[in-house]
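Colleague: sequence first, predicted model second:
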Amino acid sequence: MSNLFWLTDEQMARLRPFFPKSHGKPRVDDRRLLSGIIFINRNGLRWSDAPKEYGPSKTLYNRWKRWSDMGVFAWTMEGLASEAADRKTVMIDATYLKAHRTASSLRFEKWGRGRLIGRTIGGMNTKLHAVTDARGRPLKLFMTAGQVSDYTGAAALLCSLPEADWLLADRGYDADWFREALKDKGIRPCIRGRKSRGQPIKQDKRRYRRRNRIEIMFGRLKDWRRVATRYDRCPKIFLSAVALAAIVIFWL
C-alpha cells in the first residue's frame, strides 16, 4: 500500500466551500495538490522532494504560497471550527516552536514587518498562542516572537474570544486586568493564581484539570514536522502550516 496521503471525497466536500473561486483558466486538481501540500507539511520535506504522484513540486509550492498569502488556510480552520465547536468552556495557552536556522534571520522584511522570531533560553523560537474549545480543538491562533509575554497573546485574542461560560488558563495568564476583561464579557475565569500573590485566589480544581486538553492539542500539532520546526521565514506562511495541521487533525 502507498504511504502517500490523500484527502477523501467527504473531506474535500467539507473543504471546498472555503476555496477561492477560480477565474479564467480552470485550476489544477485541488484534491491532488492539497493532498501533496499536507504530505509535505506533515513529513517536513522540502518542496523539491514532493513525490511525483502529487505533480510538479513548483505547482505545489505556488499553490501553497498563493493560498497562504490570501489567508485561505486560516479562514478555513476558523470556518470549520465555527460549525462544530463546543464553546461552553474555552481554554487559552501558548507554546514555543523552534525556528530552524534557515528561518531565523532577524532582519526586517521589505515593509518593516518582523519575522516573529525571538531569542529565548532555548534558542530562536516563535510563540504560538491558541484558544481552544472544551475538547481542546483550536478556535483561534496567534503568533508572536518567542520572548513575548503570554499577556500579549491574551490581549490580542481577547476581542475574538467566543461566547463562553468559562475560560481555563495557567498562572501565566493571572493578571487582574485579564480577569476583569473576562468578567466584562460574561466569562468566568478559572486561572491558577501566581505564587507571588499575597492572597490566594480560589479556583475550581476539578474544572482546571481539564486544561490538559490544550496541552495535548499542542503536542498533536507538533507531530507535524513543519510545525514543530519552523522552516518558513514568512510568518503568514508558517501560520498557514499550523492552521492546516489543525484542520486535518481536529476539524476534518
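Modeller: Perfect, I can see it now.

Colleague: span of stretch 245-252 from start to end?
Modeller: Its first and final residues considered, stretch 245-252 spans 10 Å by Cα to Cα, to the nearest Å.

Colleague: kindly apply the preceding question to stretch 169-189 instead.
Modeller: Using Cα to Cα, one end of stretch 169-189 lies 8 Å from the other.

Colleague: averaged pLDDT, that stretch. What do you get?
Modeller: Average pLDDT, stretch 169-189: 93.

Colleague: report the buried residues of it.
Modeller: Buried residues in stretch 169-189, counted by 16 or more other Cβ atoms under 10 Å: 169-170, 172-175, 178-179, 181-182, 187, 189. All C-beta atoms are positioned from the backbone trio N, CA, C, and that covers glycine.

Colleague: what does stretch 149-169 give?
Modeller: Applying a neighbour-count criterion of 16+ other Cβ under 10 Å, the buried positions in stretch 149-169 are 150, 153-154, 157-158, 161-162, 164, 166-169.

Colleague: any idea how far it is from the middle of the chain?
Modeller: 15 Å (Cα atoms, centre = their mean, to the nearest Å).

Colleague: cool, and stretch 52-62?
Modeller: Offset of stretch 52-62 from its chain centre (Cα atoms, centre = their mean): 24 Å.

Colleague: one more: stretch 73-86?
Modeller: On Cα atoms, centre = their mean, the centre of stretch 73-86 falls 12 Å from the chain's centre.

Colleague: contact partners of it?
Modeller: 14-15, 17-18, 67, 133-135, 137-141, 162, 239-240, 243-244, 246-247, 251-252 (Cβ atoms under 8 Å, 6 or more residues apart in numbering).

Colleague: tell me the mean pLDDT over that stretch?
Modeller: Stretch 73-86 comes out at a mean pLDDT of 90.

Colleague: and the helices in the stretch 51-200 of the chain, which stretches?
Modeller: For the stretch 51-200 of the chain, helices defined by DSSP state H, counting those that start in this stretch occupy the ranges 57-70, 72-84, 150-158, 176-184.

Colleague: just to revisit the earlier point, what about the contacts of stretch 73-86, which are in strands?
Modeller: 138-141 (DSSP state E).

Colleague: tell me which residues in the strand or helix carrying R32 are buried?
Modeller: Per DSSP states H and E, R32 falls inside helix 30-43. The neighbour-count check on helix 30-43 (16+ other Cβ under 10 Å) flags 32-42 as buried.

Colleague: out of those, the closest to G114 would be?
Modeller: Of all the buried residues of helix 30-43, G114 sits closest to N41, with 23.0 Å by Cβ to Cβ.

Colleague: elements contacting the helix or strand bottoming out on mean pLDDT in the chain?
Modeller: Lowest by mean pLDDT, DSSP states H and E among the helices and strands of the chain is strand 118-120, with a mean of 87. Judged by 3 or more Cβ pairs under 8 Å, 6 or more residues apart in numbering; DSSP states H and E, the packing partners of strand 118-120 are strand 123-132.

Colleague: show me which positions of the strand it packs on end up buried.
Modeller: For strand 123-132, using 16+ other Cβ under 10 Å, the buried residues are 124-132.

Colleague: got the residues you listed as a markdown table, with distance to R46 columns?
Modeller: Conversion of those to a markdown table gives the following (distance: Cβ to Cβ, whole Å):
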| residue | distance to R46 |
| --- | --- |
| M124 | 20 |
| N125 | 22 |
| T126 | 20 |
| K127 | 25 |
| L128 | 23 |
| H129 | 28 |
| A130 | 27 |
| V131 | 32 |
| T132 | 31 |
